[in-house]
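Participant: My questions concern the predicted model and sequence given below.
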Amino acid sequence: MLPISPSALAAVAGAARRPVRAAWSNDGGQTWTPARVAGGEVRPDRTAECRYSGTAELIDVPLGPTGVNSVITQVRLWQGLQGPRMDTEWIPAGVYVVDRLTRTRHGASVELLGREDAIRSAQLPVPRTVGPDSAQALTEVLVAEALPGVPVSWQPGVTPGTPVPSFVVEEDRWGALSGGTDTSGVGTGIAAALGAEVYADADGIITLAPVPTLADPVVWRIPYGMALVAPAEQETAEGLVNLWAISGDGGDGAGAVGPVYVWDDDPNSLTYAGPDPVGDPLAPQRAGLTGVRIRSERYASALITDVGQAYDVGRARLADSLGTQASLSFTSACNPALEPGDVVEVEVRPGQWQRHIIDSCPYSLGAASMSCTTRTTARRL
């Protein structure tokens, strides 16, 4: 969750003013010009390629080459919270590039995409061999070429000094950073090879962070009374994987890594794969667990260079693929500090609490409510 004071968090569920402010920049974010906002929407979404997207109605802003335009302009949004007897606390709501602009009577209506779009659109004009070097050095070069001056943040749990062998980037700069593949289908994404995910956060900083899991600390508890609409629960087996085989082979003559195997070994989980689904697949049947079902998938990356790294990648992929099966959609009081990937506890029915990972939490600027979509792992009762 984004930094928020206890008084502002308490004001989320009470009577609070919710002002909005914005600023725009044409020099890559070195300087910002304030702008008034008539309305808009912020759409944080962990499953989208741009973690933050949105719209905004900017009032009395200049347009054209020296004003707001769709070529070089970046827009920054903040959502404010002001409870009784407290100053306004400003929560960042994303830093964006302008994807589309429509002139209006009072300014401009802009459609916005996160800074990932600037990296995505800065494709390499010719194929390039990058590395060998550390993950940090390669990442910062690829980012700086598309977004000069924008910092890269490495969250705890991700090792920036991990060595990355040389690999060829055909043209997809964002794929090289996040989770691309080469012409043979072997993974080449730096973040994916670290068992991490990469995104532009609410402050526009390019961030590499561990894949969130339900074991992460709970950042917000949402009681039944704060859910304004009865929650809608869904389950699906689409994308469900409970056994991953991870391997690495740079194709340079060095020894291949793996495959190593990572699976759901929790007997209390509906997706339990057994004590050893690779070496002893019949073990669950001998124990009377005839409902155990294996759903396996392979992942190979030329950037995986040791067994420990392969296990990190497997655990990250397992956390994501187990969490797709049970989702929850609900409307709650708007907490603009909530981020995709946060772990929350939701009282879905009086006295029944569930732990979920936030996938998306869109809200209208200035609104008192927000819609959330989450995921969790179903467990045996």
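Facilitator: Alright, I've got the coordinates.

Participant: which of the residues in the longest strand seen in the chain are buried?
Facilitator: Ranked by residue count and defined by DSSP state E, the top strand of the chain is strand 89-104. Residues of strand 89-104 classed as buried: Glu89, Trp90, Ile91, Pro92, Ala93, Gly94, Val95, Tyr96, Val97, Val98, Leu101 (neighbour count, 16 or more other Cβ atoms under 10 Å). Bear in mind the C-beta positions are built from the backbone N, C-alpha and C, glycine included.

Participant: Kindly report the same for stretch 125-136.
Facilitator: Neighbour counts using 16+ other Cβ under 10 Å place Val130, Gly131, Ala135, Gln136 of stretch 125-136 among the buried residues.

Participant: So which of these sit within helices?
Facilitator: Ala135, Gln136 (DSSP state H).

Participant: Arg349 pairs with what?
Facilitator: Applying DSSP bridges to Arg349 yields these beta-bridge partners: Gln352.

Participant: number of nearby residues for it?
Facilitator: 12 (other Cβ atoms under 10 Å).

Participant: can you check Val110 too?
Facilitator: Neighbour tally, Val110, other Cβ under 10 Å: 27.

Participant: which SSE is it in?
Facilitator: Assigned by DSSP states H and E, Val110 belongs to strand 107-114.

Participant: next SSE after that strand?
Facilitator: Using DSSP H and E, the first helix or strand after strand 107-114 is helix 116-121.

Participant: Can you give the contact residues for the strand holding Val110?
Facilitator: 35, 38, 50-61, 63, 68, 70, 75, 94-102, 199-200, 204 (Cβ atoms under 8 Å, 6 or more residues apart in numbering).

Participant: before we move on, what SS does the closest residue to Ser364 other than its chain neighbours have?
Facilitator: In space, and not counting its chain neighbours, Ser364 is closest to Glu41: 5.1 Å by Cβ to Cβ, 6 or more residues apart in numbering. Three-state call for Glu41 (DSSP: H, G, I helix; E, B strand; the rest coil): strand.

Participant: The closest residue to Leu112 other than its chain neighbours: what's it in contact with?
Facilitator: Closest residue in space to Leu112, ignoring its immediate chain neighbours: Tyr96 at 3.6 Å, by Cβ to Cβ, 6+ apart. Contact analysis of Tyr96 by Cβ under 8 Å, 6+ apart lists Tyr52, Ser53, Gly54, Gln74, Val75, Arg76, Leu77, Leu112, Leu113, Gly114, Arg115.

Participant: Go again with 10 Å.
Facilitator: 22, 24, 42, 50, 52-56, 73-77, 110-115, 117-118, 200, 204 (Cβ atoms under 10 Å, 6 or more residues apart in numbering).

Participant: same question, Asp359
Facilitator: Neighbours of Asp359 in contact, by Cβ under 10 Å, 6+ apart: 44-48, 212, 323-324, 327-329, 340-341, 372-375.

Participant: 7 Å instead, please
Facilitator: With contact taken as Cβ atoms under 7 Å, 6 or more residues apart in numbering, Asp359 is in contact with Asp45, Arg46, Thr47, Pro340, Thr373, Thr374, Arg375.

Participant: gap between it and Cys372?
Facilitator: 8 Å (Cβ to Cβ, to the nearest Å).

Participant: again, but for Pro127
Facilitator: 42 Å.

Participant: Now do the end-to-end distance for stretch 42-62.
Facilitator: Its first and final residues considered, stretch 42-62 spans 23 Å by Cα to Cα, to the nearest Å.

Participant: what's that stretch in contact with?
Facilitator: 22, 24, 35-41, 67-68, 75, 77, 93-94, 96, 106-114, 116-117, 120, 199-200, 202, 339-341, 359-363, 365.

Participant: Now that stretch: buried residues?
Facilitator: Buried residues in stretch 42-62 (16+ other Cβ under 10 Å): 42-46, 48, 50-59, 61.

Participant: where exactly do the strands run in the stretch 201-350 of the chain?
Facilitator: Here the stretch 201-350 of the chain has its strands, by DSSP state E, counting those that start in this stretch, at 206-210, 218-222, 227-235, 243-248, 257-263, 296-301, 326-333, 343-349.

Participant: Among these, which comes closest to Val141?
Facilitator: Closest to Val141 of these is strand 206-210 (Cβ to Cβ; 12.2 Å).

Participant: Please identify the pairing partners of that closest one and their relative orientation?
Facilitator: strand 152-154 (parallel), strand 196-200 (antiparallel).

Participant: what is the orientation angle of the longest one with strand 107-114?
Facilitator: Meaning strand 196-200. Here strand 196-200 runs at an angle of 170 degrees relative to strand 107-114 (axes from the mean of the first three to the mean of the last three Cα atoms, to 10 degrees).

Participant: Would you mind putting the CA coordinates of strand 196-200 into CSV?
Facilitator: C-alpha atoms of strand 196-200 as CSV (Å, rounded to 0.1, in the frame of the first residue of the first chain):
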residue,chain,number,x,y,z
ALA,A,196,10.0,-10.8,-10.3
GLU,A,197,7.6,-8.4,-12.0
VAL,A,198,8.4,-5.0,-13.5
TYR,A,199,6.1,-2.0,-13.7
ALA,A,200,5.8,1.7,-13.3
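
Participant: so how far is it from its chain's centroid?
Facilitator: Distance, stretch centre to chain centre, for strand 196-200: 6 Å (Cα atoms, centre = their mean, to the nearest Å).
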